[in-house]
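**Student:** Predicted model and sequence below, questions to follow.
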Amino acid sequence: MSERKRILTGIRPTGALHLGHYAGALENWIRLQREYECYFLIADYQVSDYSDDISRVRESVWEVALDWLAVGLDPEGSHFVIESLVPEHAELTQWLGWFLPLGMLQRNPTLKAEMGEFGKKSVPVAFFNYPVMQVANILMPRAHLVPVGEDQLPHIELTREVARRFNRDFKEVFPEPEGLVGRVPRLVGIDGQAKMSKSLNNAIYLKDDADTVSQKVRAMFGGPPRAADEPGNPDENPILMYLEAFDPDVDEVANIREQYATKGIGNKVLKDRLNSVLDEMLEPIRDRRASYGSNMRRVRDALAAGSEAGRTIAIETMEMVHDALDLNYLEKY
Ligand code: TRP
């Protein structure tokens, strides 16, 4: 087997990816993809909240794969895995569920918050169980590192706990994986809400064309009302936060911040700058997306090969699990 340490991380196929995904996670994936052996998972078992819109899931599998290719993840070096094409995930989830107290899920802050979003609608059993499957995802390739958005850290803590218990009670099978959060753990939405998300309709997508981006930037929330020559609090202005997140000229952004806080700068100036920063950043991403988009067979082949690789290591791990749990019944006689 490969000498490199392994990464497992994933995204749910619910739509195209946005700037929050990029700064919160994808950047790390891109940076680490040569140093680690990477399994990038499209977690299609974990979208039970879309059970009334399965066609969206089906389409989003391709959207996510295209976005990954567009930002420069390399399917030659890494594995793009469709979760349900590795049904061992379901099996491992089931075994792990034996050893996980209900209370550990009930206390999980991310799960709690997400279940709250169902409102009056009932929560599917599979949704309540999804953190267990996420644990199974991470343990499956016996991953060492899990680069994710900040909201996923409770699931990694759960994974570490499960790995420790399994190793202690049965056999040393799983490394205790570390989480790694991106440069910008939580990007605010263009409307200033705490989180950029599809459901809040406040996202700039990696695949948005130049006109769409410029419209969204023009409509961005620019902090509490203020005259252009009136100083403001930089941490209350999403436009400035985006410049700090994406403008490669870090020194200039520091100047702008200083000037904003002492003398004031009009939001129009900031928006114009942000618009060109984003355009420059997204242009090559759009180009790569278009090139893969015109050859979907290549995308399909990347998913097929990646899922095959995911399956190979899964079968290996499940043999170790069966052995550790001593479940090889038919080998008795
Ligand atoms: N739950 C993650 C999210 O909503 C996606 C995910 C599924 C994941 N399995 C994973 C992330 C394993 C990291 C590791 O974003």
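**Tutor:** The structure has been received and is ready for your questions.
**Student:** what sits up against stretch 25-41?
**Tutor:** Counting by Cβ atoms under 8 Å, 6 or more residues apart in numbering, the neighbours of stretch 25-41 from elsewhere in the structure are 2, 4-11, 17, 68, 71-74, 77-83, 137, 140-141, 143-145, 147-149, 180, 182-183, 306, 309-310, 313. All C-beta spots, glycine's among them, are computed from the backbone N, C-alpha and C.
**Student:** Return the set of buried residues in that stretch.
**Tutor:** Neighbour-count burial for stretch 25-41 flags 25-30, 32-33, 36-41 (criterion: 16 or more other Cβ atoms under 10 Å).
**Student:** and residue 279, how many neighbours does it have?
**Tutor:** 15 (other Cβ atoms under 10 Å).
**Student:** Could you find the closest non-adjacent residue to it?
**Tutor:** Taking Cβ to Cβ, 6 or more residues apart in numbering as the measure, residue 279 lies nearest to residue 210, with 5.6 Å between them; neighbours along the chain are not counted.
**Student:** residues in contact with the one you found?
**Tutor:** Taking Cβ under 8 Å, 6+ apart as the definition of contact, the neighbours of residue 210 are 279, 282-283.
**Student:** ok, now with 10 Å
**Tutor:** Residue 210 is in contact with 275, 278-279, 282-283, 286, counting by Cβ atoms under 10 Å, 6 or more residues apart in numbering.
**Student:** Roughly how far does the closest residue to residue 266 other than its chain neighbours sit from residue 260?
**Tutor:** In space, not counting the residues next to it along the chain, residue 266 is nearest to residue 228; the distance is 3.2 Å by Cβ to Cβ, 6+ apart. As judged by Cβ to Cβ, to the nearest Å, residue 228 and residue 260 stand 11 Å apart.
**Student:** Name all residues that sit in contact with the two at the same time.
**Tutor:** 266-267, 269.
**Student:** Going by distance to residue 237, which of these wins?
**Tutor:** If you rank the shared contacts of residue 228 and residue 260 by distance to residue 237 using Cβ to Cβ, residue 267 comes first, at 7.5 Å.
**Student:** OK, contacts around the closest one?
**Tutor:** Neighbour list for residue 267: 218, 220-223, 226, 228, 232, 237, 239-240, 260, 274 [criterion: Cβ under 10 Å, 6+ apart].
**Student:** repeat for residue 223
**Tutor:** Residues in contact with residue 223 (Cβ under 10 Å, 6+ apart) are 192, 232-241, 260, 267, 270.
**Student:** Is it possible to mark the buried ones in those?
**Tutor:** Under a neighbour-count criterion of 16+ other Cβ under 10 Å, the subset of these counted as buried comprises 192, 232, 234, 237-241, 260, 267, 270.
**Student:** Out of the residues you listed, name the ones that lie in strands.
**Tutor:** Counting by DSSP state E, no part of those is found in strands.
**Student:** Adding distance to the ligand and pLDDT, write those out as CSV.
**Tutor:** Below are those laid out as CSV (distance: Cβ to the nearest ligand atom, whole Å; pLDDT from 0 to 100):
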residue, distance to the ligand, pLDDT
192, 22, 96
232, 33, 96
234, 29, 95
237, 27, 97
238, 22, 97
239, 26, 98
240, 27, 97
241, 22, 97
260, 33, 97
267, 32, 97
270, 30, 97
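**Student:** And the furthest pair within the residues you listed?
**Tutor:** Of all pairs drawn from these, the one with the largest separation by Cβ to Cβ is 192 and 260; the distance is 15.9 Å.
**Student:** Apart from its neighbours in sequence, what residue is nearest the closest residue to the ligand within the stretch 201-333 of the chain?
**Tutor:** For the stretch 201-333 of the chain, the residue positioned closest to the ligand under Cβ to the nearest ligand atom is residue 310, at a distance of 12.0 Å. For residue 310, the nearest residue in space outside its immediate sequence neighbours is residue 81; the separation is 3.5 Å by Cβ to Cβ, 6+ apart.
**Student:** would that neighbour count as being in a helix?
**Tutor:** No: assigned with DSSP: H, G, I helix; E, B strand; the rest coil, residue 81 falls outside any helix and is strand.
**Student:** Is it bridged to anything, and to what?
**Tutor:** Here residue 81 shows beta-bridge partners residue 41, assigned using DSSP bridges.
**Student:** That one: neighbour count?
**Tutor:** Residue 81 has 30 neighbouring residues, counting by other Cβ under 10 Å.
**Student:** so it makes contact with residue 88?
**Tutor:** No: contact between residue 81 and residue 88 fails when scored by Cβ atoms under 10 Å: they sit 11.2 Å apart.
**Student:** okay, and the common contacts of these two?
**Tutor:** Residues touching both residue 81 and residue 88 by Cβ under 10 Å, 6+ apart: 140, 310-311, 313-314.
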